[in-house]
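Colleague: Sequence plus the predicted model coming up.
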Amino acid sequence: MSALPSRTAGGPFHADLLHSGDRYELSNGHAIYCAPAGGRHAQPNQLGASVVGWDPAVKEAGVDTGYSSGPGMLRAPDVAVGNVPDTPGWVRGAPDLAIEYADVGQDEDDLTAKIEELLAAGTKYLWVVRLTGKRRVELHEPRKPVRTAWPGEMLTAPGVLQNAVRVEALYDRTEAERATFTNLLQRRGYESLEAVLARGVEQGREAGREEGREEGLRAAVRDLCDVLGIAVGPERESRLLAMHTAELDELRARLKRDRRWD
């Protein structure tokens, strides 16, 4: 298959001719080759997927998910939120939120067509993250003019995301980690990291004695490990029970700082 110079007339290809892993999309039956992503393109994809994928309101998210709204159409946004079922085959329709990363060599004509096709198929919000020139995000919505958001601004997707997303969080590792961590805490019922720590301290205060404070700190450590995905098996639980206030405080600070036990 190869890209055709004109897509005004329908092309000969159907989505059911393609298989998962094929490096092609379809536009009106015409095949479009999708080259492998370079490092500057690939890394932000993963960061953006983490930020929006763990938003407290999100139940389904994916990377390079193939959407087919008709026999001759197959589009795979870099990141998709909503309508990412855990089933084989191409997904009918479109995601609620799609994110595209545009770097050097971007085919602007194809990007324009892809945006139009996804919005027409039902996508509510489509963000194009520009990695060349000054970093920015172009915001597309059905029947609305395109807007541009710059670093420092917040992006919203009402009805899809609970939290606003800082522009930098879609490509900067530090900002993406901060946003993802906040999302993970909120998914577990905590508003912030400080709320997790305060819970343990409060448990200690209520006990009114040093043993109570230590137990509260142990609870805070267990909660942090739960949020960070750190397993607390029998060995670590035994170590926790043997620790006193100073050791527990040190471990809690290390978890907060390094996001790891050892």
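Modeller: Sure, I can see it. None of these values were measured; they are calculated from a predicted model.
Colleague: What is the burial count for Ile99?
Modeller: For Ile99, the count of nearby residues is 26 (other CB atoms under 10 Å). No exception for glycine: its C-beta is placed from N, CA and C like everyone else's.
Colleague: Just list the residues touching it, thanks.
Modeller: Gly48, Ala49, Val52, Pro77, Asp78, Val79, Ala80, Leu126, Trp127, Val128, Val129, Leu170 (CB atoms under 8 Å, 6 or more residues apart in numbering).
Colleague: Go through those residues and say which is closest to Gly159.
Modeller: Minimum distance to Gly159 across those is 13.6 Å, recorded for Val52 (CB to CB).
Colleague: quick one: what helix or strand has that closest one in it?
Modeller: Using DSSP states H and E, Val52 maps to helix 39-53.
Colleague: Go ahead and produce CSV holding the CA coordinates of that helix.
Modeller: Provided in CSV are the C-alpha atoms of helix 39-53 (Å, rounded to 0.1, in the frame of the first residue of the first chain):
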residue,chain,number,x,y,z
GLY,A,39,12.6,9.8,20.4
ARG,A,40,11.3,13.4,20.7
HIS,A,41,7.9,12.3,19.5
ALA,A,42,7.7,8.9,21.3
GLN,A,43,8.5,10.1,24.8
PRO,A,44,5.9,12.8,25.0
ASN,A,45,3.3,10.3,23.8
GLN,A,46,3.9,8.2,26.8
LEU,A,47,3.8,11.2,29.1
GLY,A,48,0.5,12.5,27.7
ALA,A,49,-1.1,9.1,27.9
SER,A,50,-0.1,8.8,31.6
VAL,A,51,-1.5,12.3,32.5
VAL,A,52,-4.9,12.0,30.8
GLY,A,53,-5.2,8.2,31.2
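Colleague: from the middle of its chain, how far away would the helix or strand just after it be?
Modeller: As assigned by DSSP H and E, the chain's next helix or strand after helix 39-53 is strand 61-63. In terms of CA atoms, centre = their mean, to the nearest Å, the centre of strand 61-63 is found 8 Å from the chain centre.
Colleague: try stretch 246-259
Modeller: 27 Å.
Colleague: neighbouring contacts of that stretch?
Modeller: So stretch 246-259 is in contact with 181, 193, 197, 200, 214, 217-218, 220-221, 224-225, 228, 230, 240, 243, 260-261, going by CB under 8 Å, 6+ apart.
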